[in-house]
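# My questions are about this predicted structure, shown below with the sequence.
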Amino acid sequence: MVDSTQLEHLNIVKARALVAKTFPGQDFEVEVKNSAVLITNEENAFVYAKNEKVSALAIALTITAFRTSWNLILDEPDDKVLTQIAGLQDDCNLWIIDDDSLAPHPQRGPDELESQSVDPLIRRLLEDNDCVVTFEHGKIKGELKGLPIAEVVTEPSGESHLEVGVGTYDREAHKIVNYNEPIETTLERISQEVSKFRRKDSVVHPLNRVARSNWLIHEVMSADSEIGVTDIERVPSPVEAMDVSDSLPASAVAKKNNQVILLTAYTGADLEAVPVAAQLLNSYPADEIWFLHPQKDDYSAIRRQAEHLKVPASFIPVPEPWPTAPGMNY
């Protein structure tokens, strides 16, 4: 097994060899910064960052010593990163590893927008149970205070029906256990159960520890929100959650004084919040980005990342709608 020190050394050797092979005859300085390999000379800056949990771009954006033009090395093509760098003010060039040298990242084709609709009876059933209907990544879901508790499933015949439960496992379990129960009854019961815990005065519970960024967006969209924007509309996340426990940024667009504001909510030290906001600028051009976060989640690394965005960014603390206690990290 390779330990972290050996891995860091291997990444340095690998990145330096790739740059030297692609740009022969140039002298470069090499250093490790914020877990990324930074290779620079007077003309160029190359970043190579390999981390299983954080994207290469997210790590690279925490490095403040960039000039207006720099280069990011990826192990393989990544169209997501290609769209994210379009939301930066920097001139960031992407390279992919091609055997023992670097090759320019291939361009991507235009996105095909997919229109979706939901059966009016299903929509009414969800809304009667305090759910907001969302459309993301080809899926139609019902969210209660940001937590998906139902999903619309379309059969090959084109007929749609509702499956209820928090996450894939829970939905499958309800299909087995409550096979003879009307879906209206099951949905009502789950909605009531979730509502008990998705509130500030609840006890700490798994149901109020997940999907918190979605929950923040839900709160600012409520009638009594005081962040000073109007016409708030939820927008789909460009990153698909693989599990209900995934902590991903959530976003909406709004207006203030005829300006379009992109609202992106995050919780914790979420280094993907800025790349996600940058990616959304391609589909939702905005004049400003407001990052909404709990008071304790104002991190300098995320602020450094935001300096690279092509529109001004502000960080706005918002009240936590989930239960908290002094000195406790929930």
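Thanks, I have the structure now. Residues are numbered from 1 along each chain as shown.

# Distance from the chain centre to the lowest-mean-pLDDT helix or strand in the chain, please.
Ranked by mean pLDDT, DSSP states H and E, the weakest helix or strand in the chain is helix 168-177, scoring a mean of 85. Helix 168-177 has its average C-alpha position 27 Å from the chain's average C-alpha position, going by CA atoms, centre = their mean, to the nearest Å.

# cool, stretch 73-90 as well?
A distance of 15 Å separates the C-alpha centroid of stretch 73-90 from that of its chain, computed with CA atoms, centre = their mean.

# Same check on stretch 118-133?
Its chain's C-alpha centre and that of stretch 118-133 lie 25 Å apart, by CA atoms, centre = their mean.

# give me the low-pLDDT residue ranges for the stretch 201-330 of the chain?
Applying pLDDT under 70 to the stretch 201-330 of the chain flags the ranges 223-224, 325-330.

# Which residue ranges of it form helices?
For the stretch 201-330 of the chain, the helices defined by DSSP state H, counting those that start in this stretch cover 212-220, 273-280, 300-306.

# Can you tell me which of these is packed in deepest?
Highest mean neighbour count of the helices of the stretch 201-330 of the chain: helix 273-280, a mean of 27 (counted as mean count of other CB atoms under 10 Å). (Each C-beta comes from the backbone N, C-alpha and C, glycine too.)

# For that helix, name the packing helices and strands.
Counting contacts by 3 or more CB pairs under 8 Å, 6 or more residues apart in numbering; DSSP states H and E, the secondary-structure elements packed against helix 273-280 are helix 56-60, helix 79-84, strand 250-256, strand 259-265, strand 288-293, helix 300-306.

# strand partners of the third one, parallel vs antiparallel please.
The sheet places strand 250-256 alongside strand 230-235 (antiparallel), strand 259-265 (antiparallel), with pairing taken from DSSP bridges.

# Show me what Ser314 bridges to in the sheet.
Counting by DSSP bridges, Ser314 is bridged to Trp290.

# Show me the domain layout of the protein.
With automatic domain parsing serving as the domain definition, the record reports that the chain contains domains spanning 4-104, 120-197, 206-317.

# Can you list the buried residues in the least confident helix or strand of the chain?
Along helix 168-177, the positions that meet the burial threshold by neighbour count (16 or more other CB atoms under 10 Å) are Arg171, His174.

# Out of the helices of the stretch 201-330 of the chain, flag the one nearest Ser101.
Smallest distance to Ser101 across the helices of the stretch 201-330 of the chain (CB to CB): 26.4 Å, for helix 273-280.

# quick check: angle from the closest one to helix 212-220?
With axes from the mean of the first three to the mean of the last three CA atoms, to 10 degrees as the criterion, the two stretches helix 273-280 and helix 212-220 enclose an angle of 70 degrees.

# What angle do strand 288-293 and helix 273-280 make with each other?
Orientation note: helix 273-280 sits at an angle of 140 degrees relative to strand 288-293 (the same axes, to 10 degrees).

# got TSV for the domains of the chain, with distance to Pro323 too?
Converted to TSV, the domains of the chain look like this (distance: least, CB to CB, whole Å):
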stretch	distance to Pro323
domain 4-104	27
domain 120-197	9
domain 206-317	6
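
# what's the most buried one of those domains?
domain 206-317 (a mean of 18).

# OK, contacts around Leu262?
Shown in contact with Leu262 (CB atoms under 8 Å, 6 or more residues apart in numbering): Ser251, Ala252, Val253, Ala277, Leu280, Leu281, Tyr284, Ala286, Glu288, Ile289, Trp290, Val311.

# What's opposite it in the beta bridge?
Per DSSP bridges, residues listed as beta-bridge partners of Leu262: Val253, Ile289.

# Relative to Asn71, how far out is the residue lying closest to Asp27 once chain neighbours are set aside?
Across the structure, with CB to CB, 6 or more residues apart in numbering as the measure, the residue nearest Asp27 apart from its sequence neighbours is Asn41 (6.0 Å). Between Asn41 and Asn71 the computed distance is 12 Å (CB to CB, to the nearest Å).

# Lys33 is in contact with Ile63, isn't it?
Yes: under the contact definition of CB atoms under 8 Å, Lys33 touches Ile63, with a separation of 5.4 Å.

# any shared contact partners between the two?
Listed contacts common to Lys33 and Ile63 are nil; contacts here mean CB under 8 Å, 6+ apart.

# For Glu226, find the nearest of the helices of the stretch 201-330 of the chain.
When these are compared (using CB to CB), the closest one is helix 212-220, at 8.9 Å.
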